[in-house]
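# Make a model of this:
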Amino acid sequence: MKTLFASPEVEKLSETVVGIVEEAIAPDQPGRVKGMGTYWPARFYHSDCKITLKPNDRVSIVAMCGITLLVVPVGLAGQ
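Sure, this is the predicted structure:
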């Protein structure tokens, strides 16, 4: 069956952007991040990330999937 909407593709950003966690992000639990001037749904870029980010933690925004930001904790963006 053909759907009306294509599944979103992961689009890597040309430069990482720093964001601030507004709603906690945990393994298998998306949260919310303020970045690029507004608030976005966010989840970890690496599916095997085992930490929980709390409000006011800094993240590196490395990609987007649809309107969801894909993030890594600050300092791990190059890994």
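# contacts, neighbours, all on C-alpha from now
Noted.
# any idea which residue sits dead centre in the chain?
Centroid-nearest residue in the chain, with CA atoms, centre = their mean: residue 70, separated by 2.5 Å.
# My guess is it contacts residue 61. True?
Yes. Between residue 70 and residue 61 there is a contact under CA atoms under 8 Å: 5.9 Å.
# distance between stretch 40-60 and the chain's centre?
Distance of stretch 40-60 from the chain centroid (CA atoms, centre = their mean, to the nearest Å) equals 6 Å.
# which of the residues in that stretch are buried?
Within stretch 40-60, the residues that count as buried by 16 or more other CA atoms under 10 Å are 40, 41, 42, 43, 44, 45, 53, 57, 58, 59, 60.
# Residue 24: neighbouring residues, count only.
Applying other CA atoms under 10 Å, we find 18 other residues in the vicinity of residue 24.
# right, and it touches residue 51 too?
No. Using CA under 8 Å, residue 24 is not in contact with residue 51; the gap is 10.6 Å.
# Extract the CA atoms of the top strand by length along the chain and return them as PDB.
Ranked by residue count under DSSP state E, the longest strand found in the chain is strand 10-23. Extracted as PDB, the C-alpha positions of strand 10-23 are listed here (Å, rounded to 0.1, in the frame of the first residue of the first chain):
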ATOM      1  CA  VAL A  10      18.100  11.900   8.500                       C
ATOM      2  CA  GLU A  11      19.700  15.100   7.300                       C
ATOM      3  CA  LYS A  12      23.100  15.800   8.900                       C
ATOM      4  CA  LEU A  13      23.800  19.500   9.600                       C
ATOM      5  CA  SER A  14      26.900  21.000   7.900                       C
ATOM      6  CA  GLU A  15      27.900  22.400  11.300                       C
ATOM      7  CA  THR A  16      26.900  21.300  14.800                       C
ATOM      8  CA  VAL A  17      24.800  23.700  16.800                       C
ATOM      9  CA  VAL A  18      24.600  23.900  20.600                       C
ATOM     10  CA  GLY A  19      21.200  23.500  22.200                       C
ATOM     11  CA  ILE A  20      19.800  23.400  25.700                       C
ATOM     12  CA  VAL A  21      17.600  20.600  26.900                       C
ATOM     13  CA  GLU A  22      14.100  21.800  28.000                       C
ATOM     14  CA  GLU A  23      12.500  18.300  28.600                       C
END
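# Before I go, just wanted to say thanks for your time.
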